[in-house]
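Colleague: Only the shape, not the letters, is given here:
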């Protein structure tokens, strides 16, 4: 039977480990808020960092309240409800902002689920506080399942470019989930030893370190939603003749007048810049960025909302795939651009827009 406040030989090490967890979560929260603030100053349209800052702040507050609730002589049900509400409110805000931004096409299922859990927790605190912790533990199972779904979708989007980071990230999430399970009251009841909680806290810290590796190796968390940043793809000859163009946002070709303006401006800028640089990879104009990749016979331009490393990677792949597929065509090409119509399917196969 679990006895609170926690006493005995593991009390000291548990307080140290759980304080470390609180500090790490708080540091992650401040890190994400700082990143969001920096991007906001540069007018970069992103809320990914803000969402993560909110969820880590709720983790930090909830974990801190748990320390008070389980290590000191206080009225446990009151502190339990405050801790659970910290987690739940953070989950509601994170879910709502994530689903509103269309990062997940789950029709607000996460938001509704988080709101339901918060409501039931409040009702149980008022009417049946004795089963509050049992309910919260049971609700953690589907909550973990939802988190795994979210992270699996996120990892799928960056897997090709960031395999190692994705594996480390997924491993960290698994450590997290097991760690949180081992620190629960149910685990303590089942194993009848506080050592299981020590293991749980160590796993949480290891999982958080893995997340830190993921964050530092990924240039930006916006890489997760990289496909949504693409507006247009244009492929021309080195002399400027358009071979292929597509409006990715609206799934159609670019307006000829607009395309002509883009190409004229780009050609002038590129020719001017090339005098001073052997190669040009990107340039920015107001709220758009132009990623540029040269091949042997072509110039590929990707017009995007934000410059990301993964977009540069795929633009290079597009050039390689295009020149490989049409290598024989260029040997005896007479100027007919219609022969390059299959480009649409080459790009679709490479980037797989239809899956989003």
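Modeller: Yep, that arrived. Model, not experiment: these values are computed from the prediction.
Colleague: so where is the stretch 101-250 of the chain shaky, pLDDT-wise?
Modeller: Within the stretch 101-250 of the chain, the ranges that satisfy pLDDT under 70 run 101-106, 137-147, 150, 216, 218-225, 250.
Colleague: quick one: the helices in it?
Modeller: According to DSSP state H, counting those that start in this stretch, the stretch 101-250 of the chain carries its helices in the segments 109-127, 132-158, 163-182, 185-191, 195-217.
Colleague: Need the ones you listed in CSV (columns: distance to residue 29 and mean neighbour count).
Modeller: Backbone N, C-alpha and C define where each C-beta goes, glycine included. What follows is the helices of the stretch 101-250 of the chain, written out as CSV (distance: least, CB to CB, whole Å; neighbours: other CB atoms under 10 Å):
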stretch, distance to residue 29, mean neighbour count
helix 109-127, 18, 16
helix 132-158, 17, 16
helix 163-182, 15, 18
helix 185-191, 25, 15
helix 195-217, 12, 18
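Colleague: mind putting the ones you listed in TSV, distance to residue 306 included?
Modeller: Formatted as TSV, the helices of the stretch 101-250 of the chain follow (distance: least, CB to CB, whole Å):
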stretch	distance to residue 306
helix 109-127	25
helix 132-158	15
helix 163-182	19
helix 185-191	43
helix 195-217	17
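Colleague: Could you chop the protein up by domain?
Modeller: 11-218, 227-355 (automatic domain parsing).
Colleague: which of those domains is buried the deepest?
Modeller: domain 11-218 (a mean of 17; mean count of other CB atoms under 10 Å).
Colleague: Contacts only, for the closest residue in space to residue 8 that isn't next to it in sequence.
Modeller: Nearest residue to residue 8, sequence neighbours excluded (CB to CB, 6 or more residues apart in numbering): residue 194, at 6.5 Å. By CB atoms under 8 Å, 6 or more residues apart in numbering, the residues touching residue 194 are 6, 8, 10-11, 14, 188.
Colleague: Next: residue 206.
Modeller: By CB under 8 Å, 6+ apart, the contact set of residue 206 is 172, 175, 179.
Colleague: before we move on, back to that, inside helices: which ones of the contacts of residue 194?
Modeller: Counting by DSSP state H, the part of the contacts of residue 194 found in helices is 11, 14, 188.
Colleague: Now tabulate the residues you listed in TSV and tack on distance to residue 69.
Modeller: Formatted as TSV, these follow (distance: CB to CB, whole Å):
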residue	distance to residue 69
11	14
14	13
188	14
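Colleague: Let me know the closest of those residues to residue 240.
Modeller: The closest of the ones in helices among the contacts of residue 194 to residue 240 turns out to be residue 14 (CB to CB; 67.8 Å).
Colleague: Contacts only, for that closest one.
Modeller: Listed by CB under 8 Å, 6+ apart, the contact partners of residue 14 are 6, 71, 194, 197-198, 201.
Colleague: Quick check: pLDDT value at it.
Modeller: Looking at residue 14, its pLDDT is 93.
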